[in-house]
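K.L.:
Generate a structure from the sequence data that follows.
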Amino acid sequence: TGYTRERIEITTYEGLRMPLYLLIPDQPFSTPASAVLAIHGHGYGSREIVGLNPDGSDRQGDPGLHKDFAVSLVKQGFVVAAPELLGFGDRRLEEDLTSGEPGRNSCFRLSSALLMVGKTMAGYRIYETMRALDYLQTRKEVESERIGIMGISGGGLVAGFTAALDERIACAVVSGYANTFADSILTRNHCLDNYIPGILLEAEMPDLLGLIAPRGLFLESGDADHLFGPRGTKLALTQLQTIYRSANHIGQVEADFFTGGHEIHGEPAFAWLRKQLN
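P.N.:
Just a heads-up that it's a prediction; the model follows:
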């Protein structure tokens, strides 16, 4: 296959464990290798982006909106860590694990429970992704100064905001998420894991993603994305260009507006990551 796949577990919070897949290329892009954190969106968890069925067997059929992008990244020569976000896959509540529906998640019950104690699912997932980054930096195969992040949809939220908060991440690809809250989250009923109480009193989404500046930021947006449509993404890009221009790094924010829906596009983003993490 051209790479080795490991499944490991790390401790994130006390008493809370997070599984992740680590994909190690046979022929790395560089030595030690640049690395990318690959963050899945809604679906059946980390297996969905590494070419596996929910039961862990090799998948032969349609890769869906995620397009097995973690596999695409390791084939670019990156070491790839694909953490399983809280509420998906093996990290669901018992009622959802035993439902017989692999794509059924525990987002609502976990998110609402967290809100009751003044916490958010976004906060938990971002914090846990930082712990995955801690682990990635311990691997001898990885150049710890050259680690990027890429996520789709709800994983785009995690990727973008983790990069905004953790300067160890050299660059970020946000697919099917970068937008304005007004043009996306507030236009329909979304999963409760998208909601951060009081956030609009502080900033709109482009302001938050702008915290990544001057580090590299790349947006993917399908022209038929029904959840995070291109209109809002173009508004966000205009605001982000202003932010990056103010930081004297206008060339560090780019976008791929492609023909397609709420899905990974891929190749332009992969080429950009190779340039950023060279």
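K.L.:
Can you tell me what sits against stretch 8-22?
P.N.:
5-7, 46-47, 50, 70, 79-84, 86, 89-91, 124, 127-128, 131-132, 134-135, 139 (Cβ atoms under 8 Å, 6 or more residues apart in numbering). (Each C-beta comes from the backbone N, C-alpha and C, glycine too.)
K.L.:
Quick check: end-to-end length of stretch 162-173?
P.N.:
11 Å (Cα to Cα, to the nearest Å).
K.L.:
Same check on stretch 187-204?
P.N.:
15 Å.
K.L.:
What's the ChimeraX line that selects buried ones from the contacts of stretch 8-22?
P.N.:
Here is the ChimeraX selection string for the buried members of the contacts of stretch 8-22, based on 16 or more other Cβ atoms under 10 Å:
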select :5,7,46,47,50,70,79,80,81,82,83,84,86,89,90,91,124,127,128,131,132,135,139
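K.L.:
Which strand or helix spans the closest residue to residue 6 other than its chain neighbours?
P.N.:
Distance criterion Cβ to Cβ, 6 or more residues apart in numbering; nearest residue to residue 6, sequence neighbours excluded, is residue 22 at 4.5 Å. Assigned by DSSP states H and E, residue 22 belongs to strand 17-25.
K.L.:
Wait, a helix at residue 224?
P.N.:
No: assessed with DSSP: H, G, I helix; E, B strand; the rest coil, residue 224 is coil; it does not lie in a helix.
K.L.:
Who are the contact partners of it?
P.N.:
259, 260, 261.
K.L.:
quick one, phi/psi of it?
P.N.:
phi -120, psi 20 (degrees, to the nearest 10).
K.L.:
ok, now how distant is it from residue 259?
P.N.:
8 Å (Cβ to Cβ, to the nearest Å).
K.L.:
what's the following helix or strand after the helix or strand that residue 234 is a member of?
P.N.:
In this assignment (DSSP H and E), residue 234 forms part of helix 230-246. Using DSSP H and E, the helix or strand that follows helix 230-246 in sequence is strand 253-258.
K.L.:
Could you pull out the buried residues of the one helix or strand residue 149 maps to?
P.N.:
If you go by DSSP H and E, residue 149 is part of strand 142-152. Across strand 142-152, burial judged by 16+ other Cβ under 10 Å covers 142, 143, 146, 147, 148, 149, 150, 151, 152.
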